[in-house]
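Undergrad: Build me a structure from this.
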Amino acid sequence: MNVKLELEPLLSEGVPSVRPLIIAGPCSAESEEQTLETARALSKNGIKIYRAGVWKPRTRPGAFEGHGSKALPWLKKVKEETGMYVAVEVANVKHVYEALKAGIDILWLGARTTANPFAVQEIADTLKGVDIPVLVKNPINPDIELWIGAIERLNIVGIKKLCAVHRGFSIYEKSVYRNNPQWQVPIELKRRIPELPLLCDPSHICGSKEKIYEVSQEAMDLNFDGLIIESHINPEKALSDAKQQLNPKELDDILKKIIIRKPKAENGSIVTLEELRAEIDIIDDSVMDIFERRMKIADQIGKYKKEKNIAILQTQRWGEILNKRLEMGKTKGLGNEFVEIIFKAIHQESINHQNKIMNEDK
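TA: Numbering: from 1, shown residues only. Have a look, this model is predicted:
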C-alpha cells in the first residue's frame, strides 16, 4: 500500500528542475574563510544549493563537532554573496530555532535523528506552520518504516516540501563502503511513495572519494532525482570526514562525467522493452511456482521431523546447501551476496513452515 503524502516541489524558484538536483558543500563550516571560498568555487561551477554542517554529531567525544550558531552568519554571507540556497543539519529544537532565525533555506535530518521518533516529533512540532524544505536521511539501520515514519511526522504538521536522502546503512564487517548502499531499500521507498523526491548521498556511502563517481552514476541509473555531495576547498585540511570530500574541481569533473538516462522509454523502443518485461514477468511467475513447490516439500519434511521428533535446524545440511549454491552461483554469473541473501531467505521461510507444523495442536 502506498503512503499518501501531501507534497509540493522542493524548490520552486532559482533551481533548474532538470535532473539531477545537486547540493554540495563541506562536511563542516570550519571558518568564515573556508565556508566562503568553497561556496564561491561551487557557485562558479553552477551549484545552486550549498550544504554545510554547523552542529556535527560525532560518534565519540573529542572530534570536531562544529562551531554551532557561530557559523550561521557565515552561511548568511554565502547567500548574500553568491545567491545560493543554504542548507544545514538540525538534530533538536534549539538547532531548528537558530537555523530559522538565521534565515537558513533548507533543513535536513541526519541518520541518527531519523532513527529517533521522539526527536523527529519534537522537530516536526517546532516546524508546524513553517514553509521550509526538509530533507530526511535514512536511519542508520535499514528500517524503511522508521524512514517513512519520520517523513510522515513532518508531513502531518504541514511540511510539504519534503525529500528523502539515501546515505547508506551502517555495517559491522569490513567493506569497500563506509555505509552499505542496500539499494533495495530506497527503491522500495520510491515504490511506496513515488511522488517523493529522492537524493543520494554518495559521500557517506563511500567514506572516501575514490568510489563517489561510481555510486553517483548508479544512483542516476536508478532514476534518483539528485545528489548531495561533500565538497571542501581544501579537503586535505578538513577538520571532519577529510577522505570523503572532493574539492570543487573534482566535483565538477565527476558531475560532467555522469550520464543521465531517460526516465522512461521513448515510443520507438517501447515494444522491445515491453516484450522483455513480459518475459521477466513469465520468469517471475515460474520462480513463485517453484518457491511454492519447495515449501510444500518443506512441509513434508516438517511432518517427518515431527513424527520422528527431529530438530528443525540441521546445521551441517544447511551449510552444505549454502556452499553448494554459492559455488553454483559463480558459474552462472551471480554475485555471492545475491545468492546468500536469496537462499538465507528461502531457508528462513522453510524453517517458518516447519516450525508451524511442529507446533500445531499445542
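Undergrad: switch to C-alpha atoms for all contacts and neighbour counts from now on
TA: OK.
Undergrad: Which neighbouring elements make contact with the helix or strand of the chain with the lowest mean pLDDT?
TA: When each helix and strand of the chain is scored by mean pLDDT, DSSP states H and E, helix 267-308 comes last, with a mean of 85. Applying 3 or more C-alpha pairs under 8 Å, 6 or more residues apart in numbering; DSSP states H and E, one finds that helix 267-308 makes contact with helix 336-358.
Undergrad: What are the buried residues along the helix it packs on?
TA: 339-340, 343, 347, 350-355, 357-358 (16 or more other C-alpha atoms under 10 Å).
Undergrad: now what about the helix or strand harbouring M328, what contacts it?
TA: For M328, the element it lies in under DSSP states H and E is helix 315-331. When contacts are defined by C-alpha atoms under 8 Å, 6 or more residues apart in numbering, helix 315-331 is touched by residues 335-336, 339-340, 343.
Undergrad: can you list contacts of stretch 185-200?
TA: Stretch 185-200 is contacted by residues 1-5, 7, 10, 142, 144, 148, 162-167, 216, 219, 224-228 when judged by C-alpha under 8 Å, 6+ apart.
Undergrad: Buried ones among those residues?
TA: Buried among the contacts of stretch 185-200 by 16+ other C-alpha under 10 Å: 5, 7, 10, 142, 148, 162-167, 216, 219, 224-228.
Undergrad: thinking again about what came up before, got the angle for the least confident helix or strand of the chain vs helix 336-358?
TA: Computed by axes from the mean of the first three to the mean of the last three C-alpha atoms, to 10 degrees, the angle separating helix 267-308 from helix 336-358 equals 40 degrees.
Undergrad: Next, the residue nearest to N223 when sequence neighbours are not counted: phi, psi?
TA: Leaving out its chain neighbours, the residue that sits closest to N223 by C-alpha to C-alpha, 6 or more residues apart in numbering is P263, at 6.3 Å. Torsion angles at P263 (phi, psi; degrees, to the nearest 10) stand at phi -60, psi -30.
Undergrad: Now do P263: how many residues are near it, please.
TA: Neighbour count of P263, defined by other C-alpha atoms under 10 Å: 12.
Undergrad: cool, and P117?
TA: Look at P117: counted by other C-alpha under 10 Å, it has 15 neighbours.
Undergrad: so it sits right up against A150, yeah?
TA: Yes. Under the contact definition of C-alpha atoms under 8 Å, P117 touches A150, with a separation of 6.8 Å.
Undergrad: and of the buried residues of helix 336-358, the nearest to S175?
TA: Ranked by distance to S175 (C-alpha to C-alpha), the buried residues of helix 336-358 are led by E340 at 16.3 Å.
Undergrad: Generate a markdown table for the contacts of helix 315-331, with pLDDT and distance to V287 as supplementary columns.
TA: Shown next, in a markdown table, are the contacts of helix 315-331 (pLDDT from 0 to 100; distance: C-alpha to C-alpha, whole Å):
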| residue | pLDDT | distance to V287 |
| --- | --- | --- |
| G335 | 94 | 18 |
| N336 | 93 | 19 |
| V339 | 95 | 14 |
| E340 | 94 | 17 |
| F343 | 95 | 13 |
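Undergrad: returning to that earlier point: now the helix holding M328 against helix 336-358, angle please.
TA: In terms of direction (the same axes, to 10 degrees), helix 315-331 departs from helix 336-358 by 150 degrees.
Undergrad: Can you list the buried residues in helix 315-331?
TA: Quick answer for helix 315-331 (16+ other C-alpha under 10 Å): 322, 326, 329.
Undergrad: Also stretch 49-65?
TA: Buried-residue list, stretch 49-65, by 16+ other C-alpha under 10 Å: 49-57, 65.
Undergrad: And those residues, which is the shakiest by pLDDT?
TA: Note: of the buried residues of stretch 49-65, the lowest pLDDT belongs to P57, at 78.
Undergrad: Validate this expectation: it resides in a helix.
TA: No. P57 is assigned coil when assessed by DSSP: H, G, I helix; E, B strand; the rest coil, not a helix.
Undergrad: which residues touch the nearest residue to it once chain neighbours are set aside?
TA: Leaving aside its sequence neighbours, P57 sits nearest to E65 (C-alpha to C-alpha, 6+ apart; 6.3 Å). Contact analysis of E65 by C-alpha under 8 Å, 6+ apart lists 55-58.
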